[in-house]
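Q: sequence? don't have it. structure:
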């Protein structure tokens, strides 16, 4: 799992009354404050034409996986999260 989802889950875990809990890789999305901030991150942070991006995800391997219009995924290293 990713910290942003797992930490919230772990905070309420004891209240759920579950005997065993297993957390598998959950997705994490950008929490950009505005659409323009997201476009700027893609353009300047990743160096990709934002007009060709269908979506992107911050992954557990500290890479950003980008889905392009061509339906092909690519990865970019990023120190921004």
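A: Looks like it came in fine. Since the structure is predicted, the reported quantities are computational estimates derived from the model, not experimental observations.
Q: quick one: the helices in this structure?
A: Under the criterion DSSP state H, the chain carries helices at the ranges 3-12, 35-40.
Q: In JSON lines: the ones you listed, plus mean pLDDT.
A: Formatted as JSON lines, those follow (pLDDT from 0 to 100):
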{"stretch": "helix 3-12", "mean pLDDT": "76"}
{"stretch": "helix 35-40", "mean pLDDT": "88"}
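Q: Make TSV from these and add distance to residue 53 and mean neighbour count to it.
A: (C-beta placed from N, C-alpha, C; glycine too.) Supplementary listing: the helices of the chain in TSV, determined by distance: least, Cβ to Cβ, whole Å; neighbours: other Cβ atoms under 10 Å:
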stretch	distance to residue 53	mean neighbour count
helix 3-12	21	12
helix 35-40	9	12
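Q: which residue ranges form the strands in the protein?
A: Using DSSP state E, the strands of the chain run over 53-58, 63-68, 73-77.
Q: Make JSON lines out of the helices of the chain and add distance to residue 24.
A: Listed next are the helices of the chain as JSON lines, based on distance: least, Cβ to Cβ, whole Å:
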{"stretch": "helix 3-12", "distance to residue 24": "10"}
{"stretch": "helix 35-40", "distance to residue 24": "27"}
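Q: Out of those, the one nearest residue 63 is which?
A: helix 3-12 (15.4 Å; Cβ to Cβ).
Q: Show me how far that closest one is from its chain's centre.
A: 15 Å (Cα atoms, centre = their mean, to the nearest Å).
Q: again, but for stretch 41-57
A: The answer for stretch 41-57 is 13 Å, by Cα atoms, centre = their mean.
Q: now swap in stretch 45-65 and tell me
A: Distance, centroid of stretch 45-65 to centroid of chain: 9 Å (Cα atoms, centre = their mean).
Q: So, low pLDDT: which residues of this structure?
A: Applying pLDDT under 70 to the chain picks out residues 1-4, 25-31, 71-81.
Q: ok, 90 please
A: Along the chain, the model assigns pLDDT under 90 to residues 1-14, 18-39, 41-42, 45, 50-51, 53-81.
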